Structures are given as C-alpha cells and as structure tokens.
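Engineer: structure, please.
(chains A, B, C and D)
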Amino acid sequence: MNKLCSMKEAIAASVKNGSSLVIDGFTHLICFAAGHEIIRQGIRDLTAIRLTPDLVYDQLIEAGAVRKLVFSWAGNPGVGSLHALRRRSEASSPERLELEEYSHFGLLSRLLAGSAGLPFWPLRNYQGGDIAGVNPSIKTVRCPYTGQELATVPALHPDVAIIHCQRADVEGNAQVWGLLGSQKEVAFAARKVIVVAEQLVPTEVIRKDPNRTLVPGIIVSHVVHEPWGCHPSFVQGFHDRDNDFYVKWEDISRQPETYRAWLEEFVYGVKDRQGYLARLETGLLDTLRAKARVCEGVDYGY
Amino acid sequence: MNKLCSMKEAIAASVKNGSSLVIDGFTHLICFAAGHEIIRQGIRDLTAIRLTPDLVYDQLIEAGAVRKLVFSWAGNPGVGSLHALRRRSEASSPERLELEEYSHFGLLSRLLAGSAGLPFWPLRNYQGGDIAGVNPSIKTVRCPYTGQELATVPALHPDVAIIHCQRADVEGNAQVWGLLGSQKEVAFAARKVIVVAEQLVPTEVIRKDPNRTLVPGIIVSHVVHEPWGCHPSFVQGFHDRDNDFYVKWEDISRQPETYRAWLEEFVYGVKDRQGYLARLETGLLDTLRAKARVCEGVDYGY
Amino acid sequence: MATENASASERMAWRAAQELRDGDVVFVGIGLPNLACNLARATHAPGLFMIYESGAVGAIPERLPVSIGDPSLVTDSLAVVGQADIFQCMLQRGLIEVGFLGGAQVDRWGNINTTVIGDYANPKVRLPGSGGACEIAVHARRLLIVMRMGKRTFVEKCDFITSPGHRMHGKTRAELGMPGGGPTRIITDLGVLDFDATGEAVLSELYPGVTVDQVRAACGWPLRVAESVRAVGEPDGAVLQLLREKLDPKRLYL
Amino acid sequence: MATENASASERMAWRAAQELRDGDVVFVGIGLPNLACNLARATHAPGLFMIYESGAVGAIPERLPVSIGDPSLVTDSLAVVGQADIFQCMLQRGLIEVGFLGGAQVDRWGNINTTVIGDYANPKVRLPGSGGACEIAVHARRLLIVMRMGKRTFVEKCDFITSPGHRMHGKTRAELGMPGGGPTRIITDLGVLDFDATGEAVLSELYPGVTVDQVRAACGWPLRVAESVRAVGEPDGAVLQLLREKLDPKRLYL
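Structural biologist: Okay, here's the model as predicted:
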C-alpha cells in the first residue's frame, strides 16, 4: 500500500491535541521537520516523550505545544541548557511544565516493554539514588529465582512515533545505519508510526539488503519524503551535524524575545521544510554534505 | 589481540567434561565442525543447549558426549526425527538422556536474560498448556502495574558458546547477515565465546560496515577460521543447505549400526574439517556453492 | 483436470488458503501451511505478508522452502531480524493475525500435542516438542489447525497439551488471560471443523463424497455436527496445476 | 613547554588518563573524559576500548567528537548497535570496566547530583538529569569522577542523588545489592581523592603548589586527608602539545 504523503498530511492525520508523541533519534536522525510542522499546526497539550529532548523538543515547549515532558536527559548536548524547558521548570518560573523523569536505561526500558508487548520491564537500577523516589512509575519486582529485588518500569505505548531514516519505500519499510538509538523500540511500542525518509527508494532496494530494515512497513501508517528534514541534527552518509547552529542556539534561546523571533522566522514564517531550508545561510548545506565513505555490499546469494 | 587458533585448540581450551555448551545458529550457520571436534576429543557429560538440536546435536548424543539436553524443538527439520535422541528418550530406551524442555520463546528468553545481565526474563506464555507443569524452571511473576501473572524463565549462562559467522577478524569481531537466530543473545549470555569464521578478514573490513557486527571481539576468547564448517547447514552468501544430506540422514541415523559407521567414517576417521570435506562426494561442494546476490553498500560518511 | 483428482493434501492446502485474506500477517510454518500461504499469494491474496520464526519478514521465496530457515526466505525478504524480535516485537506484541499449527494429537477444544505420546516422563513416542507452536497458539489472533483425521490423532484428551486451544484443564482462555483468539478452524482431509461459543469443535463442512458418519468414525470424541453442514469448495484445475507444477513440483508436501 | 603552563583542565584530563589501563573497556562520556580517553589511547593505552551510550563500540574518532553521538564515532567503529544493547548487553551484563562521571554536586560518599539544585519539586536550578549516569554508577566496575572543587560542588549533602556512590541515605552498595564497584577516585583541579574502606573520600594527591588547607577550603565537608599525600604527577611538554595541537585543537574542552 502506498502510504506516501506530505509532512503536513502525516501530522494532521496522526497528531492530535493531547496526543503522546515520540520524535526519536539519538543525536542522529532527529526529525526537526516534524516538530516544526506540529508547531505550525498549533497542536497543544502533547505528552512529549524522548530520552534526550533536543532543541526540537525545546522549540515545541516554547511554542506551547507540550503539556508534559517524559525524558531522561534534557540539555543542548555539548553546549548548554534547554532554555524554554528551564524557564518552565524552576522555582522562579511563572508557568510550569509537568515532568516525568527517568535515566536513559529506565526510559528505554519503558519502550522495550512497549515494543515487546509486555506490561513492564525489569532492570537492575535505581538502588540508593533518588530517581525512583520522585517517580512513582518506577516500582520493584522480586526475582522468582534469586529473590533479589529489581527495579521495574511500565510499558509505554506512545500514540505516535516519528522515525527518520536514511531510506524507505512507499510502504514504510525503513532502513537505518549508523546510530540506531531506540528507533526500533519506539516504532514497535507506538500505536501509530510515521516514517520520514531522507531518500525514497523502490521496494527492490529494501529487499536487496533485508538485514538493514529497522522498521517493517506493516507497522507504519504514513511515509513522508523529507530530505534535510533533520537539520541541524545529522544523517550518517548524507550530512553532518550543524554544530555551529547548536552553539549559536545557546544565545538565540536564552531570551524569550530572540527565541520567539527565531520561531517566527524559521517555523511560523515558512510553509514547509523547503521554506525553512531556503532561509538557511547560502552554501550552508553544501558545507554539511557528507564526504562519501561507502562500504562494500554483502552477498545474500544461496 | 590475535585470538586465531585451530578448532582443535579452541575446543581443547574451552570445552571440558561437564561443560554447558551452545553451538548456535537457527538452521543457518550451524557449526558442525565444532561438534565433530568435540566428539573426536572424547568430551563427556555435556549440557547441550540449543533451541533446535539439529543433526549435529544428535551426533553428539550418539557419540556419548551429552548428559543433558536443553531444547525447544528436536527434529530433522522438514524430514523426520532425531534418532539418537529418540533412542534415549522413550519408555523403551535402555539408557535415558536428561531433558529440559521449553518452547522456542521460552528458551530464547533464558538467553535474553543471560545476555542482558538479568536474573530472569518475563514472557506472556505457558498459560493453560502442560510445558510449565513438567519444567520447574518456568515460574511466574506478577506485574507490578497490571497485576497480571506472567511466565518467567531464569537466566542461562552457558560455559561456552560457539558462533559461526560469515566473516570475522582475528580479534573475534564477527559479522553476520541473513538469519541471525539467537547468536547475539547466546554470545552475550555465555561465559566464553568461540567465533568460527567462514572468512577471515582484516579489521578494516569490519570497521567499514560497523552495523553488521553481531558479536564484538571483547567478549570472544578464540577465533577459528573454518570454511565449510557448517555443512550440511548453510551460510548465506557462501553455500546452500545440503538438503539431500538431511533427507539421507533419516536412513543413516535410524539404525545404530549405520549411524556408528557414519561417525566412524566422517568424524572419528578424519583428523579435522579438511579431512571431512575430502571424504564428501566429489563435486558436491560446487553444487552447493552460492550464486552471487551482492547488495549495494551504504554510505557511512559525514 | 477434474476435482476428484485432488489429493487429500491438495484439498487441505487449498481449503486452508481460503482462510487467508489479502494483507493478513501470517506466521508461516513449514509443510502444508507454507503451501497454503503460497497458494493464497498466487491467487486471491497477493498481499499476504509472511513471517517466519527464523527471522524472515515479508519473504517472497523463489523456491518452495524445505525448512522455515531456508536461505530462499532471506534473499529478497523485506526484513530479516533476530528471533528475539520475531517472538517479542511481532508475536507477543500482537502483530500476527494468523498462525498455523498441526500436531500428533488434537482434542475437541483445539488443544494440540506435539510433545509426547504416552506419559511425559516415560513416553511411548518422543515427538519434537513445541518449537514456536505454544506461543503461536497463545498469541495469534486467529489460529488454523491443519491435520488429517483419525481416532489416534483426534483424541478425547491429549496426552500432553503443547499448544493451548480454547479450554485447558477446564479453564478458558479468558480465565487464563490469554491474548490471542485461539483456534478458529480445523482443516482436515475429510472436512472442516469450526468452534462454537463454548470453544468446542463442530463439524461444519464436508468434502464431496464424505459422510458425517465417516467423519464421526475418524474422531476420538463424540463429534458435534452443525445444524447445516456445508460442502467444502473444490480446487479447480487451474489451482491444482499451480500446486503441482509451480508451488510444489518436487512433491515435497503434496 | 613547562608544566606550570598546564591549565586545570589539562591537568585533570592528564591525571584521569593515568587511571586507564591498556585494554580497559571504558564507557566514555563527552568533554574531559573523552579527552582523557583519547590521550590514554595516544600514549600508554593504545588498546583502550571505547564504548559510547549512543551505540558506538570500539570507536576511533578522527576528530574530537562534540557530542557522544557524533558521526565520527560511527565511521570506522568496530560495531554500532542499538541503545538497548549498550545498556543491557554491555553495561548491565557487567562488561564495562571504567565509567566516567561529572556533575553539579558530589558528596563525601561519591554520590553525584546532575538533576536539580534545591528542592526537586521546586528547584532553584533545573539541571539536565541523569542520562546514562545513574546506570553507569550502578554497573561500572570502577567509576572515575572528574569535577572542579568548590564549596558549592563538593557538598555536605547532595540536593538530589542522581548517581549513587558508596553510601546512600545510610545504606551501602553491598546492602543495596549493587553490582558495580562504585567510585574509585575523584579527580579535581586541586588534587585527587581516593575512597577508604568505609566508602568516604580521602585526599590522597595534591597538584604542585596546592596545599591541604586550600583543598579543605574548597570542600563543603570536613575532608579527611590520607596519612601521606602524594604529589600528582605532571603532564610533560609532549603531552601538552598532544592535547593542544592534536586532541583538542579547537579548545572545545581545554
């Protein structure tokens, strides 16, 4: 079944006021294009779930789309803070965001349980520290063999998962290489999956290397073709991370005024991803484009 | 560290009387060469673990190497029975093998727990049926969130895992494509890992396509280079399954006399895998050799 | 080619294929179920999605696979994944619509035995065991059982319940909290059995020329019969040709 | 280049590198720990094995990674795996020898806070949170803490224990059944703290020119001092050149 549509159509059909949502990708393959479209559509009251709420989640927060954040590390990696989040989570903040906090392993385990169809997931963690004390979702179970107490987290089934991949076909069979993050777990845990592809390929390309398929089309509801949809994040084999943007973001995002101005210019002020890309500094994309390091193929013959 | 050695050395250094052992591979990549070397070395009292005890495990049983079998499906796939096993597991059998039996998902879950460093693994299974009733290792746990009862199995840590792969370097970094079975889980669960490679490659080849690495060298103790070490099983991209052998095996193995004669000729009667291959029908390997179906490489550049 | 030429295996494969709908996600076992799936794909259900416990997802084998781990299931598959993903993310997650099972014994509740004949500790015959059958029976939304009828296979009580049906030791699936739907049909060489609301098998279809009494004689329990027993449809010449010449030319399963 | 030219960051990176042995499997964080690992690899521990929580295993980055998910960690890595494998099969399975952590607060037991300053529900400062720190502290066989000293960072009591040390709310690691070894050293800009048998931090090394009183003044609890305090070794000119010109030429972390 051909599931190809525009980002606008995919978001409008899937993300509703009050939805729980994961835009996944661990530093790699973070689909900013999806976040920006959600902002443009004025969707509110999201439960936004992500191990590392990156700039895109901070932008969703600043734009007022998020009611609750479920996370395990909230910062601008290697640079500084997420300022929209900080302005809504400290004692001095006029309005406060609801936070549900884990460590990486804990939140990942919620997705593992969700993807595996189990109601909970056990992990050896959280003894002694204070994380379990402030998060009532973290409980314990006793091992029926050793008697030891293990931490547990409940299964998580996000309403919508947005998975950016290097290539997919129109049915949503998605192939990823480089960092895999928790994309597989997020996709299988979710109730609905949007696949966003850097490159759209015929199904024959997918079938030639089936071990690369991370998300099978049978769990995908929409496919969007959005090259450069991850900028300023990166796509291995396509383009590098725009580190300068992450550094500059610290200054842009520190003050609500400059933050809003940026959103006006790059999100509200454009119609779609093409519009965003057109507003970037001329030549920037060329400097980010990857230098080829193509591996050899393997033989699937018999 | 260079861990390359002969199969004889790897087995002698790792598999002892009384060891628990997995020779893994689900129909694909079953290392018969390792099983035959264990038989030749006269090792006894093994706890032999495998979802699908294939012909190679039946041969270990017939040769008297096995005390206990831990398994989930014991047959000659698509053909018939494992006769050495049947002769040691029925009411009429003069001597009996100890059996510990799961379903695939249950035994796999024991390996998942072992590989993940957890003492147990939960699964939604075994309600109503008789498997849990005859296997006291299957217990239950109550979900701390839903209250529902789930089956559990205890972690399994085999003393030795033998993992055949398409290619590896001398440090044991092993890459596999095609069917992956439970090779990753077995390797991480085990106390000691022997990697057997169809092809030995420089580390640079591994590094060119890091997503293909299934077993990292840091958990590997010995590396053996043994082309055709899986015959009559198959190696995707190298050679097909020798189905005629699987069919013929039904007749060979039905009677102890013909079974022993086969072992004498093809296992005891040869020094190593080269000796075994030399005794196969002339031209057989050529008919099994794979017809190339090489996929395209992907770009790891940035 | 006339229908009376259809062998029992051919009729079963054809009838089983009729249970498959285009787009169904099927957990495929080897043998007749595999043949039934390939027949469905070649006729009314080109979009049938085949998943194998070996890890092949969306396989389109060029030859009839002789095992569920045949290399032809890998080449040109949509995805090939580890078995943990198959059992956890596909089966336990509830993605499998149809499962297929056979066995050495089946009872009126659709419980299946593939473990032992006789006492477990002291069996008369040691069978292969569960493989993935137990979890397929627990999780598949619809379970199809394909078995030849006979008093030794259709038994009053299974010697061992490997794969649970609708009622096990007096308990229902609902009471046991089992996620899948349980057996929907038993496809035999004499006819087809459905399951009623209590989970008991009921004869509902007969092959041409087979009588209710013949079926009753081949069943180890007092078989209930539906008020109106339908005639099983018949594979036509084109289907038989497809089965014999294209799908199983070596007659591995027919 | 004389040693007195070494900056605090350079000294810390160099001292941390000395804790790494050839062949150690290290769970690498970004910043100074990353620099320390690359320095160790370039000098005495060429076989240091670097694992990143992003999924890169046996990485040999060509440039200094600006994040733990930098694409340079992927290219030419020995393996790249999902994060579930990193946390389950590597960390929880006990394969990680050395972990590195820093934080906003540390106490005498090596407990670390990276979550909030002030009350959790009503924080003065909201910090990033745990990331993988909590589980690294639980599972790594040896944990190295790298932090600059000061009364606001080396505190009597952490506002929040994100990553457990040796004694948490009065309970020891052994009492809590924690698998990893806990903190072995705190490497600071003034000196190095070891941990005694009770799990309390003890000043054991001083940088040249730093006095015990200076360190005590920069510590928020009455700091215990070892009977004989050693002098921290010094990075030589070659090491400084390596750090400045090759490992961090853009001065991202130095």
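
Engineer: for the chain, give me the ranges with low pLDDT.
Structural biologist: Reading this off chain A. Within chain A, no stretch has pLDDT under 70.

Engineer: right idea, wrong chain: chain C
Structural biologist: Of all residues in chain C, those with pLDDT under 70 make up the ranges C:1-4.

Engineer: spell out which parts of it neighbour chain A.
Structural biologist: Counting by Cβ under 8 Å from any Cβ of the partner chain, the positions of chain C adjacent to chain A are C:25, C:47, C:49, C:56-58, C:60, C:71-72, C:74-81, C:85, C:88-89, C:91-95, C:179. (Glycine included, C-beta is placed from N, CA and C.)

Engineer: same thing but 10 Å
Structural biologist: C:23, C:25, C:47, C:49, C:51, C:55-60, C:62-63, C:70-82, C:84-85, C:87-95, C:139, C:179 (Cβ under 10 Å from any Cβ of the partner chain).

Engineer: just the buried ones from the residues you listed?
Structural biologist: Taking 16 or more other Cβ atoms under 10 Å in any protein chain shown as the criterion, what is buried in the residues of chain C next to chain A is C:25, C:49, C:51, C:55-59, C:70-82, C:84-85, C:87-93, C:95, C:139, C:179.

Engineer: Three-state assignment for residue 244, please.
Structural biologist: With no chain named, the answer covers chain A. Three-state assignment for residue A:244 (DSSP: H, G, I helix; E, B strand; the rest coil): helix.

Engineer: that's the other chain; I wanted chain C
Structural biologist: When classified by three-state DSSP, residue C:244 comes out as helix.

Engineer: picking that back up, considering only the buried ones among the residues of chain C next to chain A, which also neighbour chain B?
Structural biologist: Answer for these near chain B (Cβ under 10 Å from any Cβ): C:55-56, C:70-77, C:80-82, C:84-85, C:87-88, C:91-92, C:139, C:179.

Engineer: stretch A:248-255: how far from the chain's middle?
Structural biologist: 21 Å (Cα atoms, centre = their mean, to the nearest Å).

Engineer: report the buried residues of that stretch.
Structural biologist: Across stretch A:248-255, burial judged by 16+ other Cβ under 10 Å covers A:249, A:253.

Engineer: who's in contact with residue 136?
Structural biologist: Unless you meant another one, I'm taking chain A. Neighbour list for residue A:136: residue A:100 [criterion: Cβ atoms under 10 Å, 6 or more residues apart in numbering or on different chains].

Engineer: could you do chain C instead?
Structural biologist: Counting by Cβ under 10 Å, 6+ apart, residue C:136 makes contact with B:103-105, C:27, C:29, C:53, C:87, C:91, C:96, C:98-101, C:130, C:143, C:163, C:180.

Engineer: mind checking which of those residues are in strands?
Structural biologist: C:27, C:98-101, C:143 (DSSP state E).

Engineer: and chain D, which of the residues you listed contact it?
Structural biologist: Residues of the ones in strands among the contacts of residue C:136 in contact with chain D (Cβ under 10 Å from any Cβ): none.

Engineer: what's the farthest-apart pair in those?
Structural biologist: Spatial extent of the ones in strands among the contacts of residue C:136 (Cβ to Cβ) is set by the pair C:98 and C:101 at 10.8 Å.

Engineer: who has more neighbours, these two?
Structural biologist: A count of neighbours by other Cβ atoms under 10 Å in any protein chain shown puts residue C:101 above the other of residue C:98 and residue C:101, at 28 against 25.

Engineer: identify the bridge partners of that one.
Structural biologist: Bridge pairing for residue C:101 (DSSP bridges) gives the partners residue C:145.

Engineer: for the nearest residue to residue A:95 once chain neighbours are set aside, which three-state class applies?
Structural biologist: Of all residues not flanking residue A:95 in the chain, residue A:88 sits nearest, at 5.9 Å (Cβ to Cβ, 6 or more residues apart in numbering or on different chains). When classified by three-state DSSP, residue A:88 comes out as coil.

Engineer: cool, and the one 5 residues further on?
Structural biologist: Going by three-state DSSP, the secondary structure assigned to residue A:93 is coil.

Engineer: over to residue C:226?
Structural biologist: strand.

Engineer: would you agree it is in contact with residue C:200?
Structural biologist: No. The criterion here is Cβ atoms under 10 Å, and residue C:226 misses it with residue C:200 at 11.5 Å.

Engineer: quick one: which of the two has more around it?
Structural biologist: Of the pair residue C:226 and residue C:200, residue C:200 is the one with more neighbours under other Cβ under 10 Å, namely 19 against 14.

Engineer: mind listing what that one touches?
Structural biologist: Contacts of residue C:200 by Cβ under 10 Å, 6+ apart are C:107-110, C:165-167, C:193-194, C:221, C:223-224.

Engineer: show me which of those residues are buried.
Structural biologist: Taking 16+ other Cβ under 10 Å as the criterion, what is buried in the contacts of residue C:200 is C:107-110, C:165-167, C:193, C:221, C:223-224.

Engineer: near chain B, list only the ones from those.
Structural biologist: Among those, proximity to chain B is found for C:109, C:165-167 (Cβ under 10 Å from any Cβ).

Engineer: columns secondary structure on top of the residues you listed, output as a markdown table?
Structural biologist: Shown next, in a markdown table, are those (three-state DSSP):
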| residue | secondary structure |
| --- | --- |
| C:109 | coil |
| C:165 | coil |
| C:166 | coil |
| C:167 | strand |
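
Engineer: out of those, who's near chain D?
Structural biologist: Of those, not one also sits near chain D (Cβ under 10 Å from any Cβ).

Engineer: return the closest of those with respect to residue B:244.
Structural biologist: Nearest to residue B:244 among those is residue C:165, at 37.5 Å by Cβ to Cβ.

Engineer: OK, contacts around that closest one?
Structural biologist: Contacts of residue C:165 (Cβ under 10 Å, 6+ apart): B:128-129, C:101, C:106-112, C:137, C:143, C:145, C:158, C:173, C:182-183, C:186, C:195, C:199-201.

Engineer: again, only this time at 8 Å
Structural biologist: Residues near residue C:165 by Cβ atoms under 8 Å, 6 or more residues apart in numbering or on different chains: C:106-107, C:109-112, C:137, C:182-183, C:199.
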